[in-house]
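>>> generate a structure from the sequence data that follows.
(3 chains)
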Amino acid sequence: MSSAPSIVWFRQDLRIDDQPALKAAIQRGEPIIPVYIHSPEDEGEWTPGGATLLWLHHALASLDETLRSHGSRLILRSGPASRILKDLIKETGSDAIFWNRRYEPRAIERDQTLKSQLKEDGLEVGSFNGSLLIEPGKVFNKSGTPFKVFTPFWKHCLGGTFPKPVATPIKDIKAPSSWPKSETLDAWDFIPSIPWNKPIEKAWDMTEAGGQKRLKSFSRNSASRYKERRDLPAEDGTSTLSPYLHFGQISPRQVLASVRGALEKGDEGSRVFMSEIGWREFGYYLLFHFPHTTSDPLNPSFEDFPWKKNETFLKAWQKGQTGYPLVDAGMRQLWLTGWMHNRVRMVVASFLIKHLLQPWQDGAAWFWDTLVDADLASNTLGWQWTAGCGADAAPFFRIFNPITQGEKFDPDGNYVATWVPELKEMPAKYIHAPWDAPAEVLEEAGVDLGSNYPRPIVDHKEARNRALKAYDQIKG
DNA sequence: TTTTGAGTTGTTCGA
DNA sequence: GTCGAACAACTCAAA
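Modelled structure (predicted):
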């Protein structure tokens, strides 16, 4: 009888509930060594950004604490995962390893190689689906090719069955007789030296329990009104579950389970919300089938799009200094909190791409570095959708009007007033287009355009025409 | 193979 | 200010 320990390799599944890899290890009955490996070198150009590292710090600290409350703990190591794991196996004499799958191109490649090597070395290796409702490799349209349009994809998925959460008998987790060495979170230095983390830490409870709490309150109080409220950035109408989903502190199976009752009663808000979960699935699905889309457009004709690279424009956008209040509000919310409301994400992305003619890849890179929910699949899909070069149903070049979007979805101007304090005294009527306000209104509000708030860096109408012309160049 | 219907989130214009 | 129609006009998915 073996008493060699099992390794549970945590990655983007930083939770103990609905944790198939942990469950498998517990069921095996041997002592368990939970490990997290920080291996940015394995991620290619998509090394974790600052906001991601900050969240990761807290997520790992909290997972360690949870494990400790069950007599276990989390071992931290850094370096290339294959070397670290082989070292750890040697040190501990482990003969089994379990993990939940990741679905990004590089991670798939690495995990496959690793799996066959470990098996060759005689280890028992188990990998599980802990982060998706559907396996990307199993869904195709009737011609046997991958779906490229969301609606038929999701309809197809809804026609099948979705998995339910698995119970993880965490109380039965066994500690090894001695623990291998662990690095420390403090030494990893994920907390920035310039304290921009404070407001982010205040805004979020970055623990598994925090995610569960949010899921519960959302499904109880907000899901039914999701359809109406999700587009209003000044309200708390979205789920804000994205970072928890990204780090696997909650799973989509748990999300589905929490709204299942409402769905069965035909609740429209919950149905629309689930289709957003469907978009997350679709993002992973597309990334699986079209791995090059992290950096290249899915629609190859966009390779020739006449971008006009301009560092000044990019900087103004990043800093929230474009002179378009809704755009600036969104970019500043992102910078200060690590998160931006979904409606505003579309507006700022469209603005960067279409009004400023900057490559969508530059926007994707900025989001990657600043978002606490930065997720390769969702980020890629979102930016390509906005650029119009990805899986996209629109047969035309969609250009959001930042002024009308503001008037429509932030009619009282509360969102802008919150994040662009220079404009907080502006009457709602003019807050989305302060340059249209009469001089006395500006003065009354303490706004001096070009001085304490920028004039628009491009004219909307001109920028729109310029973008349409650029689009004409790649057609046909 | 060809055809048909339809596609997350819009914008502008003119009555 | 508001509302409906026109515009955009390509590609996917399924019959």
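
>>> the stretch 1-150 of chain A: strands as residue ranges?
Across the stretch 1-150 of chain A, reading from the start of the chain, the strands by DSSP state E, counting those that start in this stretch fall at A:6-10, A:32-38, A:75-78, A:96-100, A:124-128.

>>> nearest to A:Ala374, out of those strands?
Proximity of the strands of the stretch 1-150 of chain A to A:Ala374 was assessed by Cβ to Cβ; the nearest stretch is strand A:32-38, lying at 16.1 Å. No exception for glycine: its C-beta is placed from N, CA and C like everyone else's.

>>> just the CA trace of the closest one, in CSV.
The C-alpha trace of strand A:32-38 is given here as CSV (Å, rounded to 0.1, in the frame of the first residue of the first chain):
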residue,chain,number,x,y,z
ILE,A,32,-2.1,16.0,-0.1
ILE,A,33,0.4,18.7,-1.1
PRO,A,34,-1.4,21.7,-2.5
VAL,A,35,1.0,23.9,-4.6
TYR,A,36,0.8,27.1,-6.5
ILE,A,37,3.6,27.8,-9.0
HIS,A,38,4.3,31.4,-10.1
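
>>> ok, and what's touching that strand?
When contacts are taken as Cβ atoms under 8 Å, 6 or more residues apart in numbering, the neighbours of strand A:32-38 outside the stretch itself are A:5-11, A:14, A:22, A:25-26, A:60, A:63, A:67, A:72-79, A:81, A:84-85, A:88, A:92, A:94, A:173-176, A:179-180, A:188.

>>> just those that are near DNA strand C?
Restricting the contacts of strand A:32-38 to those near DNA strand C by Cβ under 7 Å from any atom of the strand leaves nothing, as none qualifies.

>>> now a PyMOL select for only the buried ones of these.
Remark: buried members of the contacts of strand A:32-38, expressed as a PyMOL selection using 16 or more other Cβ atoms under 10 Å:
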select buried, chain A and resi 5+6+7+8+9+10+11+14+22+25+26+60+63+67+72+73+74+75+76+77+79+81+84+85+88+92+94+173+174+176+180
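
>>> okay, and which of the contacts of strand A:32-38 map to helices?
Residues of those located in helices (DSSP state H): A:22, A:25-26, A:60, A:63, A:67, A:81, A:84-85, A:88, A:92, A:188.

>>> dump the strands of the stretch 1-150 of chain A into TSV; add mean pLDDT and distance to A:Arg253 as well.
Formatted as TSV, the entries for these read as follows, by pLDDT from 0 to 100; distance: least, Cβ to Cβ, whole Å:
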stretch	mean pLDDT	distance to A:Arg253
strand A:6-10	98	17
strand A:32-38	98	21
strand A:75-78	98	27
strand A:96-100	98	12
strand A:124-128	98	12
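
>>> with distance to A:Ser239 added, can I get those in JSON lines?
As requested, the strands of the stretch 1-150 of chain A are exported to JSON lines (distance: least, Cβ to Cβ, whole Å):
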{"stretch": "strand A:6-10", "distance to A:Ser239": "24"}
{"stretch": "strand A:32-38", "distance to A:Ser239": "26"}
{"stretch": "strand A:75-78", "distance to A:Ser239": "30"}
{"stretch": "strand A:96-100", "distance to A:Ser239": "22"}
{"stretch": "strand A:124-128", "distance to A:Ser239": "25"}
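
>>> nearest to A:Pro195, of those strands?
When the strands of the stretch 1-150 of chain A are ranked by proximity to A:Pro195, the top entry is strand A:32-38, at 21.9 Å, counting by Cβ to Cβ.

>>> so how far is that closest one from its chain's centroid?
Remark: strand A:32-38 is offset 23 Å from the chain centroid, using Cα atoms, centre = their mean, to the nearest Å.

>>> go through that strand and flag the buried ones.
A:32-38.

>>> next: stretch A:234-249.
By neighbour count with 16+ other Cβ under 10 Å, stretch A:234-249 contains the buried residues A:234-235, A:237-249.

>>> do the same with stretch A:117-130
By neighbour count, and taking 16+ other Cβ under 10 Å as the criterion, the buried residues in stretch A:117-130 are A:118, A:123-128, A:130.

>>> so which residues on the stretch 51-200 of chain A come close to DNA strand C?
So far as Cβ under 7 Å from any atom of the strand goes, the stretch 51-200 of chain A lies against DNA strand C at A:141-143, A:145-149, A:152-153, A:156.

>>> now with 10 Å, please.
Proximity of the stretch 51-200 of chain A to DNA strand C is confined to A:140-153, A:155-156, A:159 under the rule Cβ under 10 Å from any atom of the strand.

>>> where does the stretch 51-200 of chain A dip in pLDDT?
When the per-residue scores of the stretch 51-200 of chain A are filtered using pLDDT under 70, no range remains.

>>> residue contacts, the closest residue to A:Ala387 other than its chain neighbours?
Spatial nearest neighbour of A:Ala387, excluding adjacent residues (Cβ to Cβ, 6 or more residues apart in numbering): A:Trp360 at 4.0 Å. Applying Cβ under 8 Å, 6+ apart, one finds that A:Trp360 lies in contact with A:297, A:349, A:352-353, A:383-384, A:386-387, A:389.

>>> tell me the one of the residues you listed nearest DNA strand B?
Relative to DNA strand B, the closest of the contacts of A:Trp360 is A:Thr386; by Cβ to the nearest atom of the strand it sits at 7.3 Å.

>>> same for the one helix or strand the closest one maps to, what does it pack against?
Taking DSSP states H and E as the definition, one finds A:Thr386 inside helix A:376-387. Helices and strands in packing contact with helix A:376-387 are listed as helix A:268-289, helix A:342-350, helix A:360-370; criterion 3 or more Cβ pairs under 8 Å, 6 or more residues apart in numbering; DSSP states H and E.

>>> does any bit of it sit next to DNA strand C?
No. Helix A:376-387 lies apart from DNA strand C when judged by Cβ under 10 Å from any atom of the strand; the minimum separation is 12.8 Å.

>>> figure out how far that helix is from the centre of its chain.
Remark: helix A:376-387 is offset 11 Å from the chain centroid, using Cα atoms, centre = their mean.

>>> now it: average pLDDT?
The average pLDDT within helix A:376-387 is 97.

>>> mind saving the C-alpha coords of that helix as CSV?
Coordinates of the C-alpha atoms in helix A:376-387 are reproduced here as CSV (Å, rounded to 0.1, in the frame of the first residue of the first chain):
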residue,chain,number,x,y,z
LEU,A,376,-7.0,36.3,-22.2
ALA,A,377,-10.1,34.8,-23.8
SER,A,378,-12.6,37.5,-22.8
ASN,A,379,-10.1,40.3,-23.5
THR,A,380,-9.3,38.9,-27.0
LEU,A,381,-12.9,38.4,-27.9
GLY,A,382,-14.0,41.8,-26.6
TRP,A,383,-11.4,43.8,-28.4
GLN,A,384,-11.8,41.9,-31.7
TRP,A,385,-15.6,42.3,-31.5
THR,A,386,-15.3,46.0,-31.0
ALA,A,387,-12.7,46.3,-33.8
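
>>> quick one: stretch A:346-357 to chain centroid distance?
Taking mean C-alpha positions (Cα atoms, centre = their mean), stretch A:346-357 and its chain are 19 Å apart.

>>> same question for stretch A:163-177.
Centre-to-centre, stretch A:163-177 and its host chain are 27 Å apart (Cα atoms, centre = their mean).

>>> quick one: buried residues of it?
Of the residues in stretch A:163-177, those buried by neighbour count under the rule 16+ other Cβ under 10 Å are A:163, A:165-166, A:168, A:170, A:173-174, A:176.

>>> I figured A:Ile97 hits A:Ile89, correct?
Yes. A:Ile97 is in contact with A:Ile89 according to Cβ atoms under 8 Å; the separation is 7.4 Å.
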